[in-house]
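>>> kindly return the folded structure for what I paste below:
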Amino acid sequence: MVFTPILDPALGCASYLFGDDAIGSAVVVDPLESVGADGYILRAAEMGLTIEHIIETHVHADHPSAAGTLSAAVGVPVAMHPLARPAFPHAALADETRLDVGSLAVTVWHTPGHTPDSLSLVVADLTRAPEPWFVLTGDALFVGDVGRPDLVDGSDEAVRRAAGDLYRSVHERLMSLPDDVEVYPAHYGASACGGLFMSRKPWSTIGFERRTNRAVQADSPDAFVRHVLALLKPAPPEAAILRRRNLGLAESDRPSEGSR
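The predicted structure follows:
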């Protein structure tokens, strides 16, 4: 297996390129406009890979995505959870969908809370073991923190409901993974997508987060929701504009109810 994080420290954003070099097939997750389509294509080519899958873990609200331009460049549709409902043609990734990329087994988990469409990717290299090697957690679980639940709908009721969803995604889903599974989130450092405890370290393990992440240690839904809401930072002022752009909507368009 080939695996490489592609980071933008200025934005606190992480994207990932991984694949099976035996068959030359690659997956790009959460591509960044600051890297550009050519950046991902060249990195894949340097490793002898062709990009055959493009996955967005959710509709981003803090930076422009390169998924659309990369899709056009390589002729591969962007894959997203069905609740994303973008305005462009795409492939739907439902919960428990499995993608086989050579010897790699990529299992999709729906992990809502940051957004309704948020998903995580649990990856196993079957040449090494059938158990998961790492999980790409999107904006559900960060190093030291969890995703914020207020960027889609900031009303009190909606934020509390989303925080409850996030509790189940983190505590009941992601924390069911073994301690040695590596954690690779979509953000780190000073990103606006988490709370006050997001680490500047880009990756971790399930076991380390289980022992040290304050949100994970909040062991009831009420305690978790109180913790998350108490640590909310000001929302990025351009969040709604970026979401519309990343959904492929014109500035004058309004997102559908399922995309809010």
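>>> for the rest of this, base every contact and every neighbour count on C-alpha atoms.
Fine.
>>> where does the chain have low pLDDT?
Applying pLDDT under 70 to the chain flags residues 250-260.
>>> what do you get if the cut-off is 90, keeping everything else the same?
The chain contains residues with pLDDT under 90 at 189-196, 219, 231-237, 250-260.
>>> helices of that one, start to end?
Ranges of helices in the chain, per DSSP state H, are 36-46, 67-74, 156-167, 206-212, 214-217, 221-230, 239-246.
>>> and the angle for the first one with helix 67-74?
Same thing as helix 36-46. Helix 36-46 and helix 67-74 are oriented at 50 degrees to each other (axes from the mean of the first three to the mean of the last three Cα atoms, to 10 degrees).
>>> next one: the third one
With the same axes, to 10 degrees applied, the angle from helix 156-167 to helix 67-74 works out at 50 degrees.
>>> for residue 94, find the nearest of the helices of the chain.
Residue 94 lies closest, by Cα to Cα, to one member of the helices of the chain: helix 156-167, at 16.7 Å.
>>> that older thread, mind checking which of the helices of the chain is nearest residue 100?
Of all the helices of the chain, helix 36-46 sits nearest to residue 100, with 18.1 Å by Cα to Cα.
>>> who's in contact with the closest one?
Residues outside helix 36-46 that contact it (Cα atoms under 8 Å, 6 or more residues apart in numbering): 17, 26, 28, 31, 50, 51, 66, 67, 69, 70, 73.
>>> format the helices of the chain as JSON lines; extra columns: distance to residue 182.
Below are those laid out as JSON lines (distance: least, Cα to Cα, whole Å):
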{"stretch": "helix 36-46", "distance to residue 182": "22"}
{"stretch": "helix 67-74", "distance to residue 182": "24"}
{"stretch": "helix 156-167", "distance to residue 182": "20"}
{"stretch": "helix 206-212", "distance to residue 182": "6"}
{"stretch": "helix 214-217", "distance to residue 182": "16"}
{"stretch": "helix 221-230", "distance to residue 182": "23"}
{"stretch": "helix 239-246", "distance to residue 182": "28"}
